[in-house]
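# Turn this into a model:
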Amino acid sequence: MPNAVRRLALSNLAAQASEQVALAAAPLVAVLALGAGAEETGWLQAAQTLPFLLLALPAGVLADRASRLRLMIGAEALRAAALLAILALAGTGHLGLAGLAALGALGAAGTVAQGVAAPAILPALVPRAGLAMANRSLELGRSLAFAAGPALGGALIGWLGTGPAYGLAIGLSLIAMAPLAGLKEPPRAAPARRHPARELREGVGFVLLHPLLRPILATAVLFNTAWFVLQAGFVVHAVRNLGLSAAGVGFTLGLFGAGMVAGALASPWLAARAPLGALIVVGPLSALLASLLMLATAALPSPALAGVSLFLFGAGPVLWTIHTAALRQAVTPGAMLGRVSATVMTATYGARPLGAALGALLAARWGVEACLLASTLGFAAQAAVILASPAPGLRDLPASAASPA
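Numbers count the residues shown, from 1 in each chain. Got it, this is the predicted structure:
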């Protein structure tokens, strides 16, 4: 692995771990310390994911105009500051749901900037043939964070309270800056200054007109909507219906990350034996199976069944993420990578607050079981979209950057 990719991967590991510890801690603090129910945790999830909908496109324009490296460092500083404010409010007894939601949204703004800049800088650090392996390195770090972060966050909240959980998240965010400080960003030609709206239209149009990127985007939007409908009610379902403690919820959520680790580790072996199209569709199909298992826990309250479901939610979709990211980087001109990545993030991550809000409304009216059913219908839709697209027929990455079709 090139040293630059190694540094980027280490930074990504710490940044993702910080995010996952904080994301696991927030709903637990809301439920256990602030008395929130499914509706309130759903709105909390919506608030913490809203910056992905509102800020990704402006961040993409910035990533194509300015230093992507400095943008990532600034993003980590912003996240650390937001987490520190949560810790201070909790320590003085002034933390409420509104403050938790607002500061969570501020920290997510840093995640948005980092998430746009990292995939945009990656093609400049590795040759074209190494894109899938480089993306695997980033996803492996994210997977490890998903495996350990929720378990650590849940355990710390359950055993020691809010302070240690958020203290760990702050420390990890600060650690994420160190590898970036020693990274050298390859020079880029200064882009022509144009109206930001025109640049945004160019990036959005490229994705929407591309015959491969368009159905991949639609699939990801449906996946993320369904996932956050499920997430809106899962903690309440796990505590009240499955009988899990805070540590148990964290451990169960950690199985999602364990699945991601397993999928990322298996990726090179699978890539050597299966065509690209198969590696892409396995994610949506795995998510559909996982959602059916989670729905079954409404009738059969089994923590083990929920754990298997979350493992599958991690294992299959991580293959999707690795290989669709490489595909996107391969077909996108380098000067547009920030805007194209931002378009994908806006649509897919932007679906998260919509899914969380929908989950909150469903839970308030019909209970968490409605969230489980609605998410299963969403996962069925995303599998249908990708199976009907040209993606399953791909054998390898396209030979060169393609023009919109």
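
# residue boundaries of the helices in the stretch 251-400 of the chain?
276-296, 303-331, 337-366, 368-387 (DSSP state H, counting those that start in this stretch).

# Need those helices in TSV (columns: mean neighbour count, distance to residue 219 and mean pLDDT).
Any C-beta I mention is one placed from the backbone N, CA and C, and that applies to glycine too. TSV is the format used below for those (neighbours: other CB atoms under 10 Å; distance: least, CB to CB, whole Å; pLDDT from 0 to 100):
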stretch	mean neighbour count	distance to residue 219	mean pLDDT
helix 276-296	22	6	95
helix 303-331	23	8	89
helix 337-366	24	9	81
helix 368-387	21	4	94
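
# Rebuild those as CSV, extending it with distance to residue 62.
CSV is the format used below for those (distance: least, CB to CB, whole Å):
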stretch, distance to residue 62
helix 276-296, 29
helix 303-331, 19
helix 337-366, 7
helix 368-387, 30
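
# how about the ones you listed, which one is nearest residue 249?
helix 303-331 (9.5 Å; CB to CB).

# mind checking which helix or strand residue 87 is in?
helix 68-91 (DSSP states H and E).

# what packs against whatever helix or strand comes next after that helix?
Going down the chain from helix 68-91, the next helix or strand is helix 97-121, by DSSP H and E. If you count contacts as 3 or more CB pairs under 8 Å, 6 or more residues apart in numbering; DSSP states H and E, helix 97-121 packs onto helix 3-28, helix 38-65, helix 68-91, helix 131-159, helix 303-331, helix 337-366.

# Could you give the separation of helix 97-121 from the chain centroid?
Computed by CA atoms, centre = their mean, to the nearest Å, the separation of helix 97-121 from the middle of its chain amounts to 11 Å.

# And it, what's buried?
Within helix 97-121, the residues that count as buried by 16 or more other CB atoms under 10 Å are 97, 100-121.

# From residue 213, how far out is residue 393?
15 Å (CB to CB, to the nearest Å).

# Then residue 41?
For residue 41 relative to residue 213 (CB to CB), the value is 33 Å.

# Give me the more crowded residue out of these two.
Just comparing residue 41 and residue 213: by other CB atoms under 10 Å the higher neighbour count belongs to residue 41, 27 against 24.

# tell me the contacts of the more buried one?
Counting by CB atoms under 8 Å, 6 or more residues apart in numbering, residue 41 touches 27, 30-31, 232-233, 235-236, 360.

# of those residues, buried ones?
Buried subset of these (neighbour count, 16+ other CB under 10 Å): 27, 30-31, 232-233, 235-236, 360.

# got the residues you listed as a markdown table, with secondary structure columns?
Shown next, in a markdown table, are the buried ones among the contacts of residue 41 (DSSP: H, G, I helix; E, B strand; the rest coil):
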| residue | secondary structure |
| --- | --- |
| 27 | helix |
| 30 | helix |
| 31 | helix |
| 232 | helix |
| 233 | helix |
| 235 | helix |
| 236 | helix |
| 360 | helix |
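
# ok, so of these, who is nearest residue 328?
Distances from residue 328 to the buried ones among the contacts of residue 41, taken by CB to CB, are shortest for residue 232, at 28.2 Å.

# Can you verify my assumption that the closest one contacts residue 44?
No. Residue 232 is not in contact with residue 44 according to CB atoms under 8 Å; the separation is 9.0 Å.

# Poorly predicted segments of this structure, please.
For the chain, the stretches flagged by pLDDT under 70 are 1, 32-33, 38, 128-129, 141-143, 146-162, 188-196, 399-405.

# circling back: just put the helices and strands packed on helix 97-121 in a markdown table and tack on distance to residue 221.
As requested, these are exported to a markdown table (distance: least, CB to CB, whole Å):
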| stretch | distance to residue 221 |
| --- | --- |
| helix 3-28 | 20 |
| helix 38-65 | 11 |
| helix 68-91 | 23 |
| helix 131-159 | 20 |
| helix 303-331 | 13 |
| helix 337-366 | 5 |
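
# Can you say which of these is nearest to residue 265?
Taking the helices and strands packed on helix 97-121 one by one with CB to CB, helix 131-159 is closest: 7.1 Å.

# May I have the residues that are in contact with the residue nearest the centre of the chain?
Nearest to the mean C-alpha position of the chain, counting by CA atoms, centre = their mean, stands residue 349 at 7.2 Å. Applying CB under 8 Å, 6+ apart to residue 349 gives the contacts 49, 52-53, 56, 112, 115, 224.

# Mind picking the two most distant members of those?
Using CB to CB, those span at most 14.1 Å, a distance reached by 112 and 224.

# residue contacts, residue 371?
By CB under 8 Å, 6+ apart, the neighbours of residue 371 are 38, 229-230, 232-234, 237, 359, 362-363.

# Tell me the spatial nearest neighbour of it, not counting adjacent residues.
Once flanking residues are discounted, residue 371 sits nearest to residue 233: 3.7 Å by CB to CB, 6 or more residues apart in numbering.

# I'd like the distance between the closest residue to residue 320 other than its chain neighbours and residue 262.
In this structure, residue 320 finds its nearest non-sequential neighbour in residue 283, 2.8 Å apart by CB to CB, 6+ apart. To residue 262, residue 283 is 13 Å away according to CB to CB.

# Isn't the residue nearest to residue 320 up against residue 325?
No. Between residue 283 and residue 325 there is no contact under CB under 8 Å: 11.9 Å.

# nearest to residue 172, of the contacts of residue 349?
Lowest distance from residue 172 to the contacts of residue 349 (CB to CB) belongs to residue 115, with 16.1 Å.

# hang on, that closest one packs against residue 346?
No. Counting by CB under 8 Å, residue 115 stays clear of residue 346, with 10.8 Å between them.

# Mind listing the shared neighbours of these two?
residue 56.

# gap between stretch 273-280 and the chain center?
Stretch 273-280 sits 22 Å away from the centroid of its parent chain (CA atoms, centre = their mean).

# Alpha carbons of it, as CSV, please.
The C-alpha coordinates for stretch 273-280 follow below in CSV (Å, rounded to 0.1, in the frame of the first residue of the first chain):
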residue,chain,number,x,y,z
ARG,A,273,-13.3,-14.8,-8.6
ALA,A,274,-16.4,-12.8,-9.5
PRO,A,275,-17.3,-10.1,-12.0
LEU,A,276,-17.7,-6.5,-10.9
GLY,A,277,-21.5,-6.7,-11.5
ALA,A,278,-21.9,-9.5,-9.0
LEU,A,279,-19.9,-7.7,-6.3
ILE,A,280,-22.2,-4.7,-6.8
